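Asks: generate a structure from the sequence data that follows.
(one chain, ligands or ions: 1)
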Amino acid sequence: MHVRTRVAIIGAGPAGLLLAHLLDRQGIESVVIDSRSRAEIESTIRAGILEQGTVEVLDRTGASDRVLRVGQRHEGVELRFGGEGHRIDFADSVGRAVWLYPQHEVLKDLIAARLAAGQDLRFEVTAERVEDAETDRPRVVARDARGGRVEIEADVVVGADGSRGVAREAVSGAYGGHFREYPFAWFGILCEAPPSSEELIYSNSPDGFALISRRSAEVQRMYFQCDPQDDPEAYTEEQLWRILRSRVPGTTLREGRVFQRDVLRFRSFVAHEMRRGRVVLVGDAAHTVPPTGAKGMNLAVADVVLLTDALRALLLERDTGLLDAFPRTALDRIWKAQHFSWWMTSMLHLQPDADEFDRLRQLGELRSVVGSEAGRAYFSEAYTGWPLPPAAADL
Ligand code: PHB
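Replies: Numbers count the residues shown, from 1 in each chain. As a prediction, this is how the structure comes out:
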């Protein structure tokens, strides 16, 4: 099957779906494909914090009318160390907030909006490769669920297919990227219990990191630092709760049945190239961050805001300037977010080879963040998100 469109988008994650939605609002047609089924996309558990700017884009452009109704506004977080909690008040420090609204809910909203608008969104179509990047007719070669060949020819191909997608190879394959591995992973659980805390708790304990997050009045999400080789099934529920309790000394956890568990491995990565000719990478296809700073989906949204403006200029005004500038402009924010995510990770986790000096230095670092207005403002500004580019106002 041969399809012709203006923008071929590989990946129906937050980046791909939001891009299709924003392009549609500019009158630019696109086709989105994803190898997964709709049910799989809508049920995969991912992170849950949206920056204020992300929420504004989703709400103002009609991508989600539920984020403000169902999402929970959080005006601060707790950093816990040395057996005590220290609240960082975003509202007080920078006059901004974040929203707890899980990524799969964002995806449900975006998929519904796209299908309601009669847009071309194809599930279970797997991209195999991208061809002719350097021409003005790049192509995605894909297979549908029955093994039939699907070829999508476009003015621009966008790789929003995550860190294991095929688009990255077409853009920066031979050039690779900058990356950092971490000697730990996160053990995540979903449990049936009331919330243990109104706000998120990021905890540095002598036994390692934990994060107490939430989902609803009845379901909570929690994580603790673990070995990347850990088998999620190797722990009894009682062991999981014992570990979690020991990681947040001074807090009482409300415990309940653990009904989902997973080990999340992570790394920091930035592709050397975000664009080759008419093929562009956005979101996790171009960069990944450890989850500690809650930046993953937000960075994808920031990329898409910039790229929408660049594609509008290219496809409606034949102006290539913004597309040429896209990697440089996007990387400015990407590296700030890379730094913040790495910094929070290194400040809160226990390195396997840490000695007393490392431990005490970390506590000094944490005290210097919570103990000064400048420290709290830096943290709050980064966590709630740097301002989006001015183009965000016209989407
Ligand atoms: C989550 O609720 O899943 C979550 C929240 C904050 C993070 C990471 C994950 O930094």
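Asks: output the least confident helix or strand in the chain by mean pLDDT as PDB, nothing but the C-alphas.
Replies: In the chain, no helix or strand scores lower on mean pLDDT, DSSP states H and E than helix 167-172, which sits at a mean of 90. In PDB, the C-alpha atoms belonging to helix 167-172 read as follows (Å, rounded to 0.1, in the frame of the first residue of the first chain):
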ATOM      1  CA  ALA A 167      14.200   6.600  12.900                       C
ATOM      2  CA  ARG A 168      17.200   7.300  15.000                       C
ATOM      3  CA  GLU A 169      19.300   5.100  12.800                       C
ATOM      4  CA  ALA A 170      18.300   7.000   9.700                       C
ATOM      5  CA  VAL A 171      19.300  10.300  11.300                       C
ATOM      6  CA  SER A 172      22.300   9.700  13.500                       C
END
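Asks: show me what that helix is packed against.
Replies: Judged by 3 or more C-beta pairs under 8 Å, 6 or more residues apart in numbering; DSSP states H and E, helix 167-172 is in contact with strand 126-131, strand 156-159, strand 267-271, strand 275-276, strand 279-281. (C-beta placed from N, C-alpha, C; glycine too.)
Asks: export these to a markdown table and tack on mean pLDDT and mean neighbour count?
Replies: Formatted as a markdown table, the helices and strands packed on helix 167-172 follow (pLDDT from 0 to 100; neighbours: other C-beta atoms under 10 Å):
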| stretch | mean pLDDT | mean neighbour count |
| --- | --- | --- |
| strand 126-131 | 98 | 18 |
| strand 156-159 | 98 | 30 |
| strand 267-271 | 96 | 19 |
| strand 275-276 | 96 | 21 |
| strand 279-281 | 98 | 29 |
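Asks: closest one to E381 among the ones you listed?
Replies: In terms of C-beta to C-beta, the element of these nearest to E381 is strand 267-271, at 20.1 Å.
Asks: helices or strands up against the closest one?
Replies: helix 167-172, strand 177-181, strand 287-288, helix 321-348.
Asks: next, the angle from that strand to strand 177-181.
Replies: With axes from the mean of the first three to the mean of the last three C-alpha atoms, to 10 degrees defining the directions, strand 267-271 sits at 180 degrees from strand 177-181.
Asks: hang on, Q26 packs against R312?
Replies: Yes: the pair formed by Q26 and R312 meets the contact definition of C-beta atoms under 8 Å, at 5.0 Å.
Asks: higher neighbour count, those two?
Replies: R312 (21 against 14; other C-beta atoms under 10 Å).
Asks: the one helix or strand N204 maps to close to the ligand?
Replies: In the assignment (DSSP states H and E), N204 maps to strand 201-205. No: judged by C-beta under 6 Å from any ligand atom, strand 201-205 and the ligand are separated, with a smallest distance of 7.4 Å.
Asks: what about the residue in the stretch 101-250 of the chain positioned nearest to the ligand, how many neighbours?
Replies: Taking C-beta to the nearest ligand atom, the ligand has its nearest neighbour within the stretch 101-250 of the chain at S213, 3.2 Å off. Neighbours of S213 under the rule other C-beta under 10 Å: 23.
Asks: next one, pLDDT for it please.
Replies: Predicted confidence (pLDDT) for S213: 97.
Asks: wait, what's in contact with it?
Replies: 48, 100, 200, 220-223 (C-beta atoms under 8 Å, 6 or more residues apart in numbering).
Asks: any chance of those residues in TSV with neighbour count, secondary structure and pLDDT as columns?
Replies: As requested, the contacts of S213 are exported to TSV (neighbours: other C-beta atoms under 10 Å; DSSP: H, G, I helix; E, B strand; the rest coil; pLDDT from 0 to 100):
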residue	neighbour count	secondary structure	pLDDT
G48	23	coil	89
L100	21	strand	97
L200	21	coil	98
Q220	23	strand	96
R221	21	strand	97
M222	25	strand	98
Y223	23	strand	98
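Asks: rewinding a little: the helices and strands packed on strand 267-271: which one's closest to the ligand?
Replies: Comparing the helices and strands packed on strand 267-271 by C-beta to the nearest ligand atom, helix 321-348 comes nearest, at 8.0 Å.
Asks: what are the buried residues along the closest one?
Replies: 322-323, 326-327, 329-331, 333-334, 337-338, 340-348 (16 or more other C-beta atoms under 10 Å).
Asks: flag the shaky bits of the stretch 51-200 of the chain, pLDDT-wise.
Replies: 174-175 (pLDDT under 70).
Asks: tell me where it has strands.
Replies: 72-74, 76-81, 84-89, 98-100, 120-122, 126-131, 139-143, 149-153, 156-159, 177-181, 185-192 (DSSP state E, counting those that start in this stretch).
Asks: do the second one and the ligand meet?
Replies: No: using C-beta under 6 Å from any ligand atom as the criterion, no contacts between strand 76-81 and the ligand are found, and the smallest distance is 8.6 Å.
Asks: just checking the distance from that strand to the centre of its chain.
Replies: Computed by C-alpha atoms, centre = their mean, to the nearest Å, the separation of strand 76-81 from the middle of its chain amounts to 21 Å.
Asks: buried residues in stretch 115-134?
Replies: 119-123, 125-127, 130-131, 133.
Asks: endpoints of it, how far apart?
Replies: Distance between the two ends of stretch 115-134: 32 Å, counting by C-alpha to C-alpha, to the nearest Å.
Asks: these two touch, right, D207 and S246?
Replies: Yes: when contacts are counted by C-beta under 8 Å, D207 is listed as touching S246 (5.2 Å).
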